[in-house]
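Q: Okay, structure incoming, though there's no sequence with it:
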């Protein structure tokens with residue numbers, strides 16, 4: 001079609017195949033450290049890239065990790081669930097795939113852990129918060145520095161979007 005396509009390979013960042021989630025976690029981990037958290041809690045689907053990446057970041061940075069996942073426990077873990085377990089995450093299945101139910105379970109779990117003396121930091125589905133969007137403000141600025149180096153015209157950025165955090169950060173950066 002005569003178009004040049006350039007890819008920014010966030011999938012090669014080296015953290016549990018986390019892709020764009022690692023940019024978010026840089027800021028979310030900073031936020032957790034600022035409140036002296038010792039435990040990370042997040043929510044997602046059983047095969048969530050975000051949940052797997054949180055488990056990896058927790059293991060790499062000395063945090064306990066709890067993942068509140070949709071649905072019911074499978075008869076045997078596969079894919080990301082295997083990685084979650086190998087990374088030391090504790091899995092909690094909510095029995096529902098409704099995001100509100102998952103968030104409610106995460107809040108209740110955080111309260112239970114606080115009562116046991118833990119200091120949890122709760123991350124929403126996909127890690128999408130105003131703080132994590134800063135990761136993609138940085139990504140946009142990084143991209144703008146790299147584009148002139150390769151003399152690439154500034155055209156269209158195509159990205160995945162689910163919970164909206166990546167898009168929000170890129171828009172804010174723009």
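A: Arrived safely, thanks for sending. Quick caveat: nothing in here was measured; it's all calculated off a predicted structure. Residues are numbered from 1 along each chain as shown.

Q: Tell me, domain by domain, which residues of the protein belong where.
A: For the chain, the structural domains run 21-125, 130-173, going by automatic domain parsing.

Q: Lowest average confidence across those domains, which one?
A: Lowest mean pLDDT within the domains of the chain: domain 130-173, at a mean of 78.

Q: Off-centre distance for that domain?
A: 16 Å (CA atoms, centre = their mean, to the nearest Å).

Q: end to end, how far does it reach?
A: 13 Å (CA to CA, to the nearest Å).

Q: Stretch 69-86 now?
A: This stretch, stretch 69-86, spans 16 Å end to end (CA to CA).

Q: Tabulate the domains of the chain in TSV, adding columns for mean neighbour count and distance to residue 9.
A: In short, each C-beta sits where N, CA and C put it, glycine included. What follows is the domains of the chain, written out as TSV (neighbours: other CB atoms under 10 Å; distance: least, CB to CB, whole Å):
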stretch	mean neighbour count	distance to residue 9
domain 21-125	18	12
domain 130-173	15	12
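
Q: and residue 6, which of the ones you listed is closest to it?
A: With CB to CB as the criterion, residue 6 lies closest to domain 130-173 of the domains of the chain, at 6.1 Å.

Q: how much space between the nearest residue to residue 134 once chain neighbours are set aside and residue 33?
A: Nearest residue to residue 134 in three dimensions, chain neighbours excluded: residue 27, at 4.9 Å (CB to CB, 6 or more residues apart in numbering). As judged by CB to CB, to the nearest Å, residue 27 and residue 33 stand 11 Å apart.

Q: just so I have it, where are all the helices in the protein?
A: Here the chain has its helices, by DSSP state H, at 21-34, 49-61, 80-86, 99-115, 130-149, 165-173.

Q: could I get those helices as CSV with distance to residue 122?
A: Below are the helices of the chain laid out as CSV (distance: least, CB to CB, whole Å):
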stretch, distance to residue 122
helix 21-34, 9
helix 49-61, 11
helix 80-86, 17
helix 99-115, 5
helix 130-149, 12
helix 165-173, 15
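
Q: For residue 157, find the nearest of those helices.
A: Each of the helices of the chain has some distance to residue 157 by CB to CB; the shortest is helix 165-173, at 6.3 Å.

Q: which ones are touching residue 27?
A: Neighbouring residues of residue 27 by CB atoms under 8 Å, 6 or more residues apart in numbering: 131-132, 134-135.

Q: ugh, typo on my part, it should be residue 136
A: By CB under 8 Å, 6+ apart, the neighbours of residue 136 are 20, 23-24, 165-170, 172-173.
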